[in-house]
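>>> Sequence first, predicted model second:
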Amino acid sequence: MNGEFREKRKRIRRFSTYRVLEHWGIILTTMILFATGLCQRFWHLDLSQWFILKLGGIDNVRLIHRYTGLLFSLELLSNVLVGILGVLRGRWQPSMFITKKDYEDAIHNIRYYFGFENQPAKCDRYDYMEKFEYWTILVGGILMIMTGVILWLPTLVTRILPGEFIPAAKALHSNEAMLIFLLNAVWHIYNSIFSPEVFPLDTSVFTGYISRERMIREHPLELARMEGVAPEDLEKNVAGETRSLKVGVPAK
Amino acid sequence: MKAGTRIRWILALLLSLLVLPAAAGQARQADESGASRKCLLCHGKKGIVKTFLNEETVEAYVNPEKIRTSVHNFLTCSECHSGFSAESHPSGQYKSRDQYRLRSSSICRRCHSADKIKDKAVHATLLKKEKLGVTPICTNCHNAHSVTAASGGKVFSNEKQYCQSCHQHELSMKFRNEERMSLKVDLAVLDSSAHGKLRCSDCHYGYSSEEHPEKRFRSRREYIIASSESCRRCHFDNYTKTLDSVHYSLLSHGNLKAPVCNDCHGSHQIAHISHGVKGGLITTQRCKRCHPAVYETYAKSVHGNALINEQNQDVPICIDCHTAHDIQNPMTMAYHEKIPQMCGNCHANPAVVGKYGLSTDVLKTYLEDFHGVTLGFYKKEREELYKPARPIAVCNDCHGTHNIVSTVSADPASVKKNLVKRCQKCHLDATEKFPSAWLFHYKPSLSKYPMIFFVNGFYKIFLPIMWAGLILQVLLHIWRYAVNR
């Protein structure tokens, strides 16, 4: 009883302060970008018009959107640079790269959902769903930045590229925005708020800590590596928790 | 004497009683002509001119025919021009033509005394004024030598006829700045005008068979401006609209050249509102009077050319864009913002432009693009946030205003070359590739702008698939969780 209680209370450091702050930055900038961007895409809606006029007019909205986009670009750049540098310096495993196992895990989980498997796939630090979300937002973000620059500086761009790139960039920018928005609205919000496993809120990215119980369920391979046991033995390892010294070290 | 002879004598006597007075009249007229003959030897020919002290002149010519047919044909010259005869020809000096006419009027009044003429309304009004010191001049209305009864001896059946009895003649009105204006009204023109059924006093209120006030204006222009005020009694809606117009604004700032109702509509010849083939042309030519340069430009445009050379009634004329009565200053931002809707009135209407093979998507494609959306917001910001508006490209910024040419027949390369100059008005560093950023009112398709077509097409397929996949994953996850519990 005591052990079980301790296990439930036991928290493992999952994200460093830098990542926590980075996530806050991304939340704020994407919220502003979505608000100021979607009202431009759906400009004919009453709500959009009300919002735009509340912000002092379309010029203000465009200005806010562009400079927030600049901020988002800096965040994206730092995310990529910090990630690459961390991997190069050997501090972290390149845990975000998509591997063959991710496809196998996806198929395994679908089978599990339909009852063909008894256990869900055992995932490492990031499961295939997290990777899918990360890469969609990363690649989408790069696309948004590129097309955003084209739309911000059309006269400069048309010194080199044909004029048709501008309306094409506009089409890409607004369509890709919808894709990222839907991904966030449906997928990310479900996984971090409404999913029965985390409801009412997955706090790990805000506090930096995750419960050991959730680690066993969601990231058993990483936990096993941390504690130096086989993934199958994690349940029994309540007493031997201190075997690993990696607890608290952010690992990416 | 035989009875027959006596009867013959009586008949002759009776006959002579009938004939004699006529013969006597004939003799008198012949006699008068004889007495005047000497005067007419000189004054019956043109060329004698009397000069007054103020350098004004009057021709001392008398048309012998007119004097014979006038009501005064029984008078000799000296009966009016007393002191003049075959023997005596005094040379009187008068300050001005008006002073001479004033003197002459006193001669008329020797026979036509106030008592005798006061029964006529016109005269009664003039006599009232005389008491106040303004002496009427008879010859202003009645000619001097060819004087006829103002009525011409007719009995008036209506007011128009009454007024016409004077105003059919070459009467004129003199303004304080010495300008003159004819008061002759051509009844045929008046009757065929839109106001043919109105009475004179409907417009010239204050005038009737009883009243004929004399009004003095500084100039002909002031008179015209003042008379346009009559129009509002019936056309109050349009009159009120003009109060908001740029023309009225000019007028109220003291520019008397600004047009008033009758400058465009005319006065006695006011036309029926016409949808005939010439209606549009006539209207544009009214505007041309003051705006000739704009008219010349318009005449060369695709619209003007079709109106003038093909009598095309679909093309816009001045008033279609500028309106007729509440004409706004076209240089204002409010006007600028209205332009797409103005052009759209025809160019988004298949009934108008359909038959010329023109696209009716032009307004929609504009309004949904960057400039159109921005325009919509600028308009709202100006109205709701009182934010000073910035100009944004509307139809005429690319197509031109009065000099619009057809883009159908134009060479695309030259259109783009010209367009870059228009783009540079706002996008200062635009290069020759820049105009193709604008889709020229086309909707992207396989043949036109395939790149955009494919981008949109890809997401149209990919987005729903991803959406469905994610929802499915979420549902499966919830289902499995529920089953496990």
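Nice, thanks for sending it over. Being a predicted model, the structure only gives us computed values, none of them experimental.
>>> what about the closest residue to chain A within the stretch 1-150 of chain B, how many residues close to it?
Nearest residue of the stretch 1-150 of chain B to chain A: B:Thr125, at 65.0 Å (Cβ to the nearest Cβ). Placement of C-beta: from N, CA and C, glycine included. By other Cβ atoms under 10 Å in any protein chain shown, the residues close to B:Thr125 number 17.
>>> can you check the one 3 residues further on too?
Counted with other Cβ under 10 Å, the neighbours of B:Lys128 add up to 12.
>>> pLDDT (mean, whole number) over the strand or helix carrying it?
Following DSSP states H and E, one finds B:Lys128 within helix B:121-131. With pLDDT averaged residue by residue, helix B:121-131 scores 79.
>>> Stretch B:200-218 now?
86.
>>> who's in contact with whichever residue of chain B sits closest to chain A?
Residue of chain B nearest chain A, by Cβ to the nearest Cβ: B:Ser436 (3.0 Å). Counting by Cβ atoms under 8 Å, 6 or more residues apart in numbering or on different chains, B:Ser436 touches A:158, A:162-164, B:416.
>>> secondary structure class for it?
Under the three-state scheme (DSSP: H, G, I helix; E, B strand; the rest coil), B:Ser436 adopts helix.
>>> ok, now how distant is it from A:Ala168?
The gap separating B:Ser436 from A:Ala168 is 11 Å, by Cβ to Cβ, to the nearest Å.
>>> same thing with B:Thr407?
B:Thr407 sits 23 Å away from A:Ala168, going by Cβ to Cβ.
>>> The two: which is more packed in?
The neighbour comparison of B:Thr407 against A:Ala168 (other Cβ under 10 Å) goes to A:Ala168, with 24 against 14.
>>> Show me what the strand or helix carrying that one is packed up against.
Assigned by DSSP H and E, A:Ala168 falls within helix A:165-182. With contacts taken as 3 or more Cβ pairs under 8 Å, 6 or more residues apart in numbering or on different chains; DSSP states H and E, helix A:165-182 sits against helix A:17-41, helix A:128-152, helix A:154-157, helix B:450-484.
>>> and the angle for the first one with helix A:128-152?
By that I understand helix A:17-41. 50 degrees (axes from the mean of the first three to the mean of the last three Cα atoms, to 10 degrees).
>>> From the chain's centroid, how far away is helix A:17-41?
The chain centre lies 12 Å from the centre of helix A:17-41; the measure is Cα atoms, centre = their mean, to the nearest Å.
>>> packing partners for that helix?
With contacts taken as 3+ Cβ pairs under 8 Å, 6+ apart, helix A:17-41 sits against helix A:46-54, helix A:58-88, helix A:165-182, helix A:204-207.
>>> Any idea which of the ones you listed has the lowest pLDDT on average?
Of all the helices and strands packed on helix A:17-41, the minimum mean pLDDT falls on helix A:204-207 (a mean of 90).
>>> ok, the next helix or strand after it: who's next to it in the sheet?
Downstream of helix A:204-207, the next assigned helix or strand under DSSP H and E is strand A:209-211. Strand A:209-211 has its sheet partners listed here by DSSP bridges as strand A:11-13 (antiparallel).
>>> Tell me which helix or strand B:Val415 sits in.
Taking DSSP H and E as the criterion, B:Val415 maps to helix B:412-423.
>>> residues in contact with that helix?
By Cβ under 8 Å, 6+ apart, helix B:412-423 touches B:393, B:397-398, B:407, B:430-432, B:434-436, B:438.
>>> cool, and stretch A:115-132?
The contact list for stretch A:115-132 (Cβ under 8 Å, 6+ apart) reads A:93, A:95-96, A:98, A:101-106, A:108-109, A:111-112, A:134, A:187, A:191, A:218-222, A:231, A:251-252, B:473, B:483.
>>> Which members of these are classed as buried?
By neighbour count, with 16 or more other Cβ atoms under 10 Å in any protein chain shown, these hold A:95-96, A:102, A:105-106, A:108-109, A:112, A:187, A:191, A:218-222, A:251-252, B:473 as buried.
>>> re the thing from before, of the contacts of B:Ser436, just say which sits nearest to B:Phe84.
The shortest gap between B:Phe84 and any of the contacts of B:Ser436 belongs to B:Lys416, at 86.6 Å (Cβ to Cβ).
>>> how many neighbours does B:Asp186 have?
Applying other Cβ under 10 Å, we find 13 residues neighbouring B:Asp186.
>>> Am I right that it is in contact with B:His268?
Yes: B:Asp186 lies in contact with B:His268 (Cβ atoms under 8 Å); the separation is 7.2 Å.
>>> Now for the residue most central in space within chain B: which residues touch it?
By Cα atoms, centre = their mean, the mean C-alpha position of chain B lies nearest to B:Cys264, the distance being 2.4 Å. The contact partners of B:Cys264, by Cβ under 8 Å, 6+ apart, come to B:Arg286.
>>> What values do phi and psi take at the residue nearest to B:Lys174 when sequence neighbours are not counted?
Nearest residue to B:Lys174, sequence neighbours excluded (Cβ to Cβ, 6 or more residues apart in numbering or on different chains): B:Arg180, at 5.3 Å. Main-chain dihedrals, B:Arg180, degrees, to the nearest 10: phi -120, psi 150.
>>> B:Arg180 and B:Thr125: what is the separation?
To B:Thr125, B:Arg180 is 22 Å away according to Cβ to Cβ.
>>> Name the nearest of the contacts of helix B:412-423 relative to B:Met331.
Distances from B:Met331 to the contacts of helix B:412-423, taken by Cβ to Cβ, are shortest for B:Asp397, at 13.7 Å.
>>> The closest one against B:His427, yeah?
No: using Cβ under 8 Å, B:Asp397 is not in contact with B:His427, being 11.7 Å away.
>>> Could I get the buried residue list for the helix holding B:Val415?
Buried residues in helix B:412-423, defined by neighbour count with 16+ other Cβ under 10 Å: B:416, B:419-420, B:422-423.
>>> how about those residues in a markdown table, adding pLDDT?
Formatted as a markdown table, the buried residues of helix B:412-423 follow (pLDDT from 0 to 100):
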| residue | pLDDT |
| --- | --- |
| B:Lys416 | 79 |
| B:Leu419 | 88 |
| B:Val420 | 91 |
| B:Arg422 | 90 |
| B:Cys423 | 92 |
